[in-house]
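Undergrad: My questions are about this predicted structure, shown below with the sequence.
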Amino acid sequence: MKMICQKLYEEDQTFAEFKSKFEYSYMAHKCVVDDIKRDCLKAKMDLKSNKNMFEMILKQDPDAEDLPYGKVLGKFLEDQEANVQKSMDQCDLVFKEYGEICDFFML
């Protein structure tokens, strides 16, 4: 095995990075990627639903946005939109990494 690794390293210096790919294999095998994606999509749909409800409130009472309740809720929804987008980006990364790991280990 040592001779094989040495030969591969001589042919390709990036072979030494091979071991670093193993650290993700346990996590990839451990988690169910479809569940992660489903949870991210649910969070995105829930946020959209909450934003729609807040917009309905504002249509009924345009002054609600200027009330403390409206300000806090508007800020909360804005912050959560950023959090959900960050989660979606991470989910995309997980899917990409999972695909690469599965390809790498021929799963």
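TA: Done, it's in. Residues are numbered from 1 along each chain as shown.
Undergrad: didn't E65 look like it was pressed against G74?
TA: Yes - taking contacts as Cβ atoms under 8 Å, E65 lies within contact range of G74: 6.2 Å. C-beta here means a position set from N, CA and C on the backbone, and glycine is covered the same way.
Undergrad: Could you check the pLDDT of H29?
TA: pLDDT recorded at H29 is 61.
Undergrad: no, scratch that, I was asking about K2
TA: 72.
Undergrad: repeat for V94
TA: 83.
Undergrad: which residues touch it?
TA: Residues near V94 by Cβ atoms under 8 Å, 6 or more residues apart in numbering: 33, 36.
Undergrad: On the three-state scheme, it is what?
TA: Assigned with DSSP: H, G, I helix; E, B strand; the rest coil, V94 falls in the helix class.
Undergrad: do you know how far it is from K2?
TA: Distance, V94 to K2, by Cβ to Cβ, to the nearest Å: 34 Å.
Undergrad: what does K75 give?
TA: From K75 to K2 the distance is 60 Å (Cβ to Cβ).
Undergrad: Looking at the two, which one has more neighbours?
TA: A direct count of neighbours by other Cβ atoms under 10 Å for K75 and K2 places K75 higher, at 10 against 6.
Undergrad: Could you measure from the more buried one over to Y69?
TA: Counting by Cβ to Cβ, the gap from K75 to Y69 is 11 Å.
Undergrad: From the chain's centre, how far out is the helix or strand that contains Q85? Work that out for me.
TA: Under the criterion of DSSP states H and E, Q85 resides in helix 68-104. Offset of helix 68-104 from its chain centre (Cα atoms, centre = their mean, to the nearest Å): 6 Å.
Undergrad: ditto for stretch 36-46
TA: Distance, stretch centre to chain centre, for stretch 36-46: 10 Å (Cα atoms, centre = their mean).
Undergrad: Touching it from outside, list them.
TA: 84, 87-88, 91, 94-95.
Undergrad: I'd like to know which of those are buried.
TA: Buried residues within those, counting neighbours by 16 or more other Cβ atoms under 10 Å: 84, 87, 91, 94.
Undergrad: Nearest residue to the third one in space, please, no chain neighbours.
TA: Once its chain neighbours are removed from consideration, C91 has its nearest residue in C40; the separation is 4.2 Å (Cβ to Cβ, 6 or more residues apart in numbering).
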